[in-house]
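# sharing a sequence plus its predicted fold:
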Amino acid sequence: MATGTLDARRAPIVNALGTLNNPNAGVAAETGGQLNQRAADLTIDARAIDDALRSGLAAVNVTIGYTAGDDDPFESTVRDLAYWDEIVRTNDELVKVYTAEDISRAHDDGRLGIIYGFQNAAMVGADASRINLFADLGVRVVQLTYNAVNKLGGGCMAPGNPGLSDLGREVIDRLNERNLMVDLSHSGERTCLDAARYSRTPISINHTGCRALVDLPRNKTDEELRAVAERGGFVGIYFMPFLNASGHATAADVVEHIAHAVDVCGIDQVGIGTDGSATPIDDLDGYLVTLADHVEARRASGAGAAGERADTVPFVKDLSGVGQFERLAGLLGDRGFGAEQIDKLLGGNFIAYAQRVWADA
């Protein structure tokens, strides 16, 4: 095992954006699994939970409710919240996360913390007071936009790079009042910078890459990364094709984007948000046969982003499965990061950020 490899029994690992899913069973296998985040389209079975726990995960921020498409944003989100509550209630290995201390307790107890998060705040509609309802229902992370424009601001694919709207500012006010995370993943540059400057509490970019390394809209500029870090925020690096201009990202690319983010933000502000699950796809050839249809469906629904193609899988092939975090820890050690720094990058920094934001949530 490489120098610096994390001892999962000692240091909690937190996935700042991921899925709890077995992409090989039931509906998940038919829908392409990780391309669809709705709870009803996931297979949250014994294997999915066991793989997540064996990977060393203490907690994962899962996507709740609406992101894009024809569903009613509010109704589908409330339905999804109820679905996830049932999943947590009927699986003793899972615990719903409200505070940073819940993550630490889950790790100590050998359980998996489930953080409820949105990847699009469209379910707010025109009524920012709905944030109070969602906070009361246990939501702890609210991403303002997905790839397209919404009533709050511009996504990374929105023409003209629109900034934060008046409703967006009102929603941020509510999120600050309720001590919830303001997540600017998927946002356009102006919306991200506007939000970073406007929010009274530190904001996050829970899953992204570095545009200085690969110039794609889903990656963040150094200015955006710095604006988040300077206010005490958090930046999570994903395991996604956008980390390499070819669309075929590797574990080495993940390490380089983490290293660049640390150079820009500092060692205390960076972590991981893989945007995937701990359970790998067993039949990759079969999955690739259906991938083109799902990429096209995402494009047609407004969910797609530049860099998604029929030959680009939404994960890093050599950094997948139960051993993904152990492997990443080893590669970070080889890159020169020490054990304490690796502990921070794989979970400690997210927990510290959660302590800053979720107080009295």
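Now that the structure is in, tell me what you want to look at. Residues are numbered from 1 along each chain as shown.
# can you show me the helices along the protein?
Secondary structure of the chain (DSSP state H): helices located at 26-31, 46-54, 73-89, 100-109, 130-136, 166-177, 189-198, 222-230, 251-265, 284-301, 324-334, 339-343, 349-357.
# of the ones you listed, which is nearest C156?
Nearest of the helices of the chain to C156, taken as Cβ to Cβ: helix 189-198 at 7.9 Å. For glycine as for every other residue, the C-beta is placed from the backbone atoms N, C-alpha and C.
# buried sites along stretch 68-86?
68, 71, 73-74, 76-81, 83-84 (16 or more other Cβ atoms under 10 Å).
# export these as JSON lines, with columns for distance to Y116.
Listed next are the buried residues of stretch 68-86 as JSON lines, based on distance: Cβ to Cβ, whole Å:
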{"residue": "A68", "distance to Y116": "19"}
{"residue": "D71", "distance to Y116": "18"}
{"residue": "P73", "distance to Y116": "16"}
{"residue": "F74", "distance to Y116": "16"}
{"residue": "S76", "distance to Y116": "15"}
{"residue": "T77", "distance to Y116": "10"}
{"residue": "V78", "distance to Y116": "12"}
{"residue": "R79", "distance to Y116": "14"}
{"residue": "D80", "distance to Y116": "9"}
{"residue": "L81", "distance to Y116": "7"}
{"residue": "Y83", "distance to Y116": "11"}
{"residue": "W84", "distance to Y116": "7"}
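# before we move on, the earlier item: how about the helices of the chain in JSON lines, adding mean pLDDT and distance to G236?
As requested, those are arranged in JSON lines below (pLDDT from 0 to 100; distance: least, Cβ to Cβ, whole Å):
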{"stretch": "helix 26-31", "mean pLDDT": "45", "distance to G236": "23"}
{"stretch": "helix 46-54", "mean pLDDT": "97", "distance to G236": "17"}
{"stretch": "helix 73-89", "mean pLDDT": "97", "distance to G236": "21"}
{"stretch": "helix 100-109", "mean pLDDT": "97", "distance to G236": "14"}
{"stretch": "helix 130-136", "mean pLDDT": "98", "distance to G236": "21"}
{"stretch": "helix 166-177", "mean pLDDT": "98", "distance to G236": "18"}
{"stretch": "helix 189-198", "mean pLDDT": "98", "distance to G236": "14"}
{"stretch": "helix 222-230", "mean pLDDT": "98", "distance to G236": "11"}
{"stretch": "helix 251-265", "mean pLDDT": "98", "distance to G236": "9"}
{"stretch": "helix 284-301", "mean pLDDT": "79", "distance to G236": "21"}
{"stretch": "helix 324-334", "mean pLDDT": "97", "distance to G236": "13"}
{"stretch": "helix 339-343", "mean pLDDT": "97", "distance to G236": "15"}
{"stretch": "helix 349-357", "mean pLDDT": "98", "distance to G236": "7"}
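# so which of those gets nearest N120?
Judged by Cβ to Cβ, the one of the helices of the chain that comes nearest to N120 is helix 73-89, at 7.5 Å.
# output the closest one as PDB, nothing but the C-alphas.
Extracted C-alpha coordinates of helix 73-89, given in PDB (Å, rounded to 0.1, in the frame of the first residue of the first chain):
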ATOM      1  CA  PRO A  73     -40.200  20.100  -9.500                       C
ATOM      2  CA  PHE A  74     -42.100  20.600  -6.200                       C
ATOM      3  CA  GLU A  75     -44.200  17.500  -6.200                       C
ATOM      4  CA  SER A  76     -41.400  15.200  -7.400                       C
ATOM      5  CA  THR A  77     -39.100  16.500  -4.700                       C
ATOM      6  CA  VAL A  78     -41.600  16.000  -1.900                       C
ATOM      7  CA  ARG A  79     -42.200  12.500  -3.200                       C
ATOM      8  CA  ASP A  80     -38.500  11.800  -3.300                       C
ATOM      9  CA  LEU A  81     -38.000  13.000   0.200                       C
ATOM     10  CA  ALA A  82     -40.600  10.600   1.500                       C
ATOM     11  CA  TYR A  83     -39.000   7.800  -0.500                       C
ATOM     12  CA  TRP A  84     -35.600   8.400   1.000                       C
ATOM     13  CA  ASP A  85     -37.100   8.700   4.500                       C
ATOM     14  CA  GLU A  86     -38.500   5.200   4.000                       C
ATOM     15  CA  ILE A  87     -35.200   3.900   2.700                       C
ATOM     16  CA  VAL A  88     -33.400   5.200   5.800                       C
ATOM     17  CA  ARG A  89     -36.100   4.100   8.200                       C
END
